[in-house]
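Q: Sequence and predicted structure below; questions after.
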Amino acid sequence: MTNTRCECAIAFRPVEITNQQLMEILSTVRADMSTIKGQIGNVEQTLTNMNGRIGVLATTSTNIISVIDSLTRTPLAAPVRAKLTVAAPVVNSNHEPTHEESNAVYAHIHNLM
């Protein structure tokens, strides 16, 4: 059994429509087109607003990048020739802090936080 393709032609029937019905259909299409035109206007306004915001962001970002770039080129502080300093020797102490003294120091640090 083989598949055979049958080509059928679709015959269009003429539609009987009155002028009044045609005018109603055209009026509906016109109203729909007006609605679509309004929606397109809203989309255009939204895109214009977004374009403005993106422009502000791009300008701001460019300015920030320029500022950061200029900061990296300038030294944070003027170079100073520092003389080599040697720390004073630590005094050896035989004093061992007591438990109460240690607790008082820790309590003071805790209160500062």
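A: Noted; the coordinates are in hand.

Q: any chance you could map the helices in the protein?
A: All helices of the chain, identified by DSSP state H, fall at 19-73, 99-112.

Q: Centre of the chain to the longest one, how far?
A: Shown here is helix 19-73, whose average C-alpha point lies 18 Å from the average C-alpha point of the whole chain (CA atoms, centre = their mean, to the nearest Å).

Q: Touching the lowest-mean-pLDDT helix or strand in the chain from outside, list them.
A: Ranking every helix and strand in the chain by mean pLDDT, DSSP states H and E puts helix 99-112 at the bottom, with a mean of 82. Residues outside helix 99-112 that contact it (CB atoms under 8 Å, 6 or more residues apart in numbering): Pro97. C-betas here are computed from N, CA, C, even on glycine.

Q: Restrict that helix to CA atoms and write it as PDB.
A: What follows is helix 99-112, C-alpha atoms only, in PDB (Å, rounded to 0.1, in the frame of the first residue of the first chain):
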ATOM      1  CA  HIS A  99      44.900  37.500  87.200                       C
ATOM      2  CA  GLU A 100      42.900  40.500  88.500                       C
ATOM      3  CA  GLU A 101      45.000  42.900  86.400                       C
ATOM      4  CA  SER A 102      44.500  40.800  83.300                       C
ATOM      5  CA  ASN A 103      40.800  40.700  83.900                       C
ATOM      6  CA  ALA A 104      40.600  44.400  84.400                       C
ATOM      7  CA  VAL A 105      42.400  45.100  81.100                       C
ATOM      8  CA  TYR A 106      40.100  42.700  79.200                       C
ATOM      9  CA  ALA A 107      37.000  44.200  80.900                       C
ATOM     10  CA  HIS A 108      38.200  47.700  79.900                       C
ATOM     11  CA  ILE A 109      38.800  46.600  76.300                       C
ATOM     12  CA  HIS A 110      35.400  44.900  76.300                       C
ATOM     13  CA  ASN A 111      33.700  48.100  77.500                       C
ATOM     14  CA  LEU A 112      35.400  50.100  74.700                       C
END
